[in-house]
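Colleague: One predicted model, sequence on top.
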Amino acid sequence: MLLVENELAVLIDDLSAHPDPSIEQLKKWSTVQQEDIERQITLAEGKTAKENRPAPDRSTSEEALQKRRAREEKRLAQAAKAAAIAETPASLVPRSNLASHDASAEPSHCLATTSMSHTIVIPAASSSLEWYSPDAHVYTTIETAKAAGVWDYPSTLQERARCGVFRDLWGQGYFMGGGIKFGGDYLVYPGDPLRYHSHFAASVLESPTSSLRPMEIVAHGRLGTATKKAHLLCSWDDETMSVSYLSIEWAGFG
């Protein structure tokens, strides 16, 4: 893990900084989680009870009374129909009536199921864990991190080439961005990317003698022209630790 504190890069071996917690620490963690779950369930139950509380009867108008009488008459008619069906032999009752009677006789509370859910909260900051101890696993330089086996980048020729090209362009005052959308490794800006458009789409070559097919040159040239950029070929020399550049652009470009 890489942290930046007061412009100082700090590397932390996060795997070693998280030792196995003790039984007491796990019990404490479990207790805190259980208390949080109980709090969530209590809040949910209170909210559910409040939502299910019947609203006070504020309608005493004649229209409301008529609606109540109509509902009561409808309920009595349904009850009479159900009683008549119950007294009729089963062989004489149509199946549709039996099905509707069975469905209406089923209590609504038997069909509804409720469940109380909760959320397990895992804090994002490692420092919130009692057993987190990074003090013995902090490195303030790349050299000390490499010596401890925590940092091994760049370790391959391709990684060294990409880093070397980035460092060289940055040292010349350019700003870099990702160039995968434009067929390269980097986008090269002459200044702040919020103020300028990129001038180059740069591809990194691992050696000054790296082979490059003619169709790749054509593709880089056409793509650079289509995106209003020149394509920059950056050749890394791993022996001299230097970079040589070659730009490609279509004839008459600009």
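Modeller: In hand now; what should we look at? If you're wondering where the values come from, they're calculated on a predicted model, not measured in any experiment.
Colleague: For the rest of this, base every contact and every neighbour count on C-alpha atoms.
Modeller: Fine.
Colleague: what's the burial count for V188?
Modeller: When neighbours are defined as other Cα atoms under 10 Å, V188 has 25 of them.
Colleague: Over to L223?
Modeller: By the criterion of other Cα under 10 Å, L223 has 19 neighbours.
Colleague: ok so it is a helix residue?
Modeller: Yes - counting by DSSP: H, G, I helix; E, B strand; the rest coil, L223 is located in a helix.
Colleague: Need the residues that contact stretch 118-128.
Modeller: 33, 37, 40-41, 132 (Cα atoms under 8 Å, 6 or more residues apart in numbering).
Colleague: And the residue nearest to S244 when sequence neighbours are not counted, its phi and psi?
Modeller: Ranked by Cα to Cα, 6 or more residues apart in numbering and with sequence neighbours excluded, the top spatial neighbour of S244 is S235, at 5.2 Å. In terms of degrees, to the nearest 10, the main-chain angles of S235 are phi -100, psi 120.
Colleague: so what's S235 bridging to?
Modeller: On the basis of DSSP bridges, S235 is bridged to L205, S244.
Colleague: So it versus W170, what's the distance?
Modeller: Distance, S235 to W170, using Cα to Cα, to the nearest Å: 16 Å.
Colleague: ok, the two, which is more surrounded?
Modeller: Comparing S235 with W170 by other Cα under 10 Å, the one with more neighbours is S235, at 23 against 14.
Colleague: Confirm that S247 sits in a helix.
Modeller: No - the assignment for S247, made by three-state DSSP, is strand rather than a helix.
Colleague: quick one, what contacts it?
Modeller: By Cα under 8 Å, 6+ apart, S247 lies in contact with 230-233.
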